[in-house]
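Visitor: Have a look; sequence and predicted model below, questions after that.
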Amino acid sequence: MSVREIPLFINGEKVRSSSDDWRDVVNPATQEVVARVPFATEAEVNTAVAVAKEAFKSWRKVSLAQRMRIMLRFQALVREHTEELAALITEEHGKTLPDAEGEVGRGLEVIEHACSITSLQLGEIAENAAGNVNVYSLQQPLGVGAGITAFNFPIMLPCFMFPLAIATGNTFVLKPSEQDPTSTMRLVELAHEAGIPPGVLNVVHGGPDVANQICDHPDIKALSFIGSTHVGTHIYDRAGAAGKRVQSMMGAKNHCVIMPDANRSQAIHNVIGSCFGAAGQRCMANSVVVLVGQAKEWLPEIIEHSKTMKVGPGTQRDADLGPLVSPQARNRVINLIESGVAEGATLALDGRDVSVDGYPEGNFVGPTIFTDVKPGMRVYDEEIFGPVMCVVCVDTLDDAIEFINANPNGNGTSIFTNSGWAARHYEADIDVGQVGINVPIPVPVAFFSFTGSRASKLGDLGPNGKQAIQFWTQTKTVTSRWFEPDNESAGVNTTISMK
């Protein structure tokens, strides 16, 4: 199999990087090198920003209707190429094909939302705010925007950024993850097939040096980041110090509360899927299960169901979870499991020694469950980003709320219950940005904003929904008053005909 070279995408064209620094892109199920990706040079990043800045001069004046029509064509092309995009995700990321197809669908939701730009980017007006004075606001694009995405959703995360940024009239420079860039590049190609003009959407690849250059570049006006808390905090601080508008969606430690009155089979099925799906490599995975009262008696059933999950390469459609993205990721997860044992948690299900026939080099870890977990243990304090569930038992719903609110992260949480009172009490008092009620992964639909909180998010405005429109535009307020011309000085006839 030939190894493809990943290009840069600048000014509407694929560009082979002149960089001397190229990295391997590896299939995580086989360790086969499937592609090579360049770390762009400083000059190449500057070129991408320069062409985006030049394209902004004309793109910002393109009508809302024309931008809408491009987004309509874009969503149709992505829908048409769903299987192709999913296969590319699976080859480089490792997630199962059904999971990858679901990711493409989630990205499509955002593009479809961008198709409504003709009604989303509206200002306001107050007629006669004062005598013969109108005051109105305009929602205008900022200029060049940029996005830095993580590896775990190479289609969905770029869609959280550039479709709405471009639809609102900005131009864009995207830096996808260097671990699985091919599906992102294909997405960008489809965007250009849909009619996005040259220079409006550009792609550079790289590591910390490229990310820092994006943070510092004076011609980039806004930056969206999705990734780890450590990197996200650095990005937010550095780009903010450079005067940019920044949104930084970061790490998580999501909790799922199971009440004893919940639908037992649905709660167990959903919490297992939430925790172990995508091999746990989701910022919205409910990796901590909080069993309230008599629900603790369901623990043996949770463990037994988890044992039945099939581990295999993502190309096997009956696999429940595929490999982790890299050997380094697997080693980190194994290290955290070992730390849980050393620190006194009970290892109720051990996935460290899972084997997959025909794939001896795969980065596989099976479903793993800890009980007797407490704050202060690394398996609780750190985002594991692997198929590891931590189980905590408490007596009451208020105990669960207090326990979760004491965690520094606030990305997402879920509760399973048949009590409307319990659900309402939970949603009101829990200090977490996104709440699911009998929903295992509480990512909102794309016309609502992604609203993580506390240590999971920096910046007032999140991706998607109304907040994204605000993030990618600036408000200009105009106060106007027009006087009737003086006939003698103006030399005009102001007589109004009533015919």
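Guide: Arrived safely.
Visitor: Leaving out sequence neighbours, find the closest residue to the residue nearest the centre of the chain.
Guide: Using Cα atoms, centre = their mean, the residue of the chain that lies closest to the mean C-alpha position is residue 157, 3.9 Å off. Nearest non-adjacent residue to residue 157, counting by Cβ to Cβ, 6 or more residues apart in numbering: residue 149, 4.1 Å away. For glycine as for every other residue, the C-beta is placed from the backbone atoms N, C-alpha and C.
Visitor: swap in residue 393?
Guide: residue 296 (4.4 Å).
Visitor: same deal with residue 419?
Guide: Excluding its sequence neighbours, the residue lying closest to residue 419 (Cβ to Cβ, 6+ apart) is residue 261, at 5.6 Å.
Visitor: Please apply the same query to residue 7.
Guide: Of all residues beyond its chain neighbours, the one nearest residue 7 is residue 14 (3.9 Å), with distances taken as Cβ to Cβ, 6+ apart.
Visitor: Excluding chain neighbours, give the residue nearest to residue 98 in space.
Guide: Distance criterion Cβ to Cβ, 6+ apart; nearest residue to residue 98, sequence neighbours excluded, is residue 317 at 6.3 Å.
Visitor: So that neighbour sits against residue 97, correct?
Guide: Yes. If you go by Cβ atoms under 8 Å, residue 317 and residue 97 touch, sitting 5.6 Å apart.
Visitor: Which one of these two is surrounded by more residues?
Guide: residue 97 (19 against 10; other Cβ atoms under 10 Å).
Visitor: from what I can see that one touches residue 314, true?
Guide: Yes. With contact defined as Cβ under 8 Å, residue 97 counts as touching residue 314 (5.9 Å).
Visitor: Low-confidence stretches in the stretch 351-499 of the chain?
Guide: Low-confidence regions of the stretch 351-499 of the chain, defined by pLDDT under 70, span residues 488-499.
Visitor: neighbours around residue 79, how many?
Guide: Neighbourhood size, residue 79 [other Cβ under 10 Å]: 13.
Visitor: quick one: it and residue 73, what's the gap?
Guide: 11 Å (Cβ to Cβ, to the nearest Å).
Visitor: and residue 330, what does it touch?
Guide: 323-324, 363-365, 386 (Cβ atoms under 8 Å, 6 or more residues apart in numbering).
Visitor: what kind of secondary structure is it in?
Guide: helix (DSSP: H, G, I helix; E, B strand; the rest coil).
Visitor: Show me the strands in the stretch 351-499 of the chain, by range?
Guide: 368-371, 388-394, 409-410, 412-416, 434-437, 453-454, 457-458, 473-481 (DSSP state E, counting those that start in this stretch).
Visitor: Among those strands, which comes closest to residue 10?
Guide: With Cβ to Cβ as the criterion, residue 10 lies closest to strand 473-481 of the strands of the stretch 351-499 of the chain, at 25.0 Å.
Visitor: I'd assumed residue 105 was in contact with residue 85.
Guide: No. Assessed by Cβ under 8 Å, residue 85 is found out of contact with residue 105, at 10.4 Å.
Visitor: quick one, which of the two is more surrounded?
Guide: Using other Cβ under 10 Å as the criterion, residue 85 and residue 105 rank with residue 85 on top: 24 against 15.
Visitor: So that one lies in a helix, does it not?
Guide: Yes. Residue 85: assigned to a helix according to three-state DSSP.
Visitor: Now do the contacts for it.
Guide: Residue 85 makes contact with 78, 100, 104, 155, 183, 186-187 under the criterion Cβ under 8 Å, 6+ apart.
Visitor: Let me know the distance separating it from residue 197.
Guide: From residue 85 over to residue 197 (counting by Cβ to Cβ), the distance is 23 Å.
Visitor: again, but for residue 101
Guide: Distance of residue 101 to residue 197, computed by Cβ to Cβ: 30 Å.
Visitor: what about the two, which has more around it?
Guide: Between residue 101 and residue 197, counted using other Cβ under 10 Å, the more crowded position is residue 101 (18 against 15).
Visitor: Count the neighbours of the residue lying closest to residue 243 once chain neighbours are set aside for me.
Guide: Computed as Cβ to Cβ, 6+ apart, the closest residue to residue 243 that is not its neighbour in sequence is residue 218, at 7.9 Å. When neighbours are defined as other Cβ under 10 Å, residue 218 has 9 of them.
Visitor: What score does residue 218 have for pLDDT?
Guide: Residue 218 is assigned 98 on the pLDDT scale.
Visitor: so it sits right up against residue 144, yeah?
Guide: No. At 10.1 Å, residue 218 does not count as touching residue 144 under the criterion of Cβ under 8 Å.
Visitor: how about the helices in the stretch 1-150 of the chain?
Guide: 42-59, 64-80, 82-93, 97-114, 117-120 (DSSP state H, counting those that start in this stretch).
Visitor: err, the stretch 251-400 of the chain, not the other one
Guide: Counting by DSSP H, counting those that start in this stretch, one finds helices in the stretch 251-400 of the chain at the ranges 264-276, 299-307, 327-342, 378-381, 397-405.
Visitor: which of those sits most buried?
Guide: Neighbour counts (mean count of other Cβ atoms under 10 Å) averaged over each of those peak at helix 264-276, with a mean of 21.
Visitor: by how many degrees do that one and strand 388-394 diverge?
Guide: 130 degrees (axes from the mean of the first three to the mean of the last three Cα atoms, to 10 degrees).
Visitor: Point out the other elements, helices or strands, that helix 264-276 touches.
Guide: Packing contacts for helix 264-276, counted by 3 or more Cβ pairs under 8 Å, 6 or more residues apart in numbering; DSSP states H and E, involve strand 255-258, helix 299-307, strand 388-394, strand 412-416.
Visitor: now for the second one, which elements pack on it?
Guide: Contacts of helix 299-307 with other secondary structure elements, assessed using 3+ Cβ pairs under 8 Å, 6+ apart, are made with helix 264-276, strand 346-349, strand 368-371, strand 388-394.
Visitor: from the chain's centre, how far out does the third one sit?
Guide: The gap between where strand 368-371 is centred and where its chain is centred comes out at 27 Å by Cα atoms, centre = their mean, to the nearest Å.
Visitor: How about the first one?
Guide: Using Cα atoms, centre = their mean, the distance from the centre of helix 264-276 to the centre of the chain it belongs to is 22 Å.
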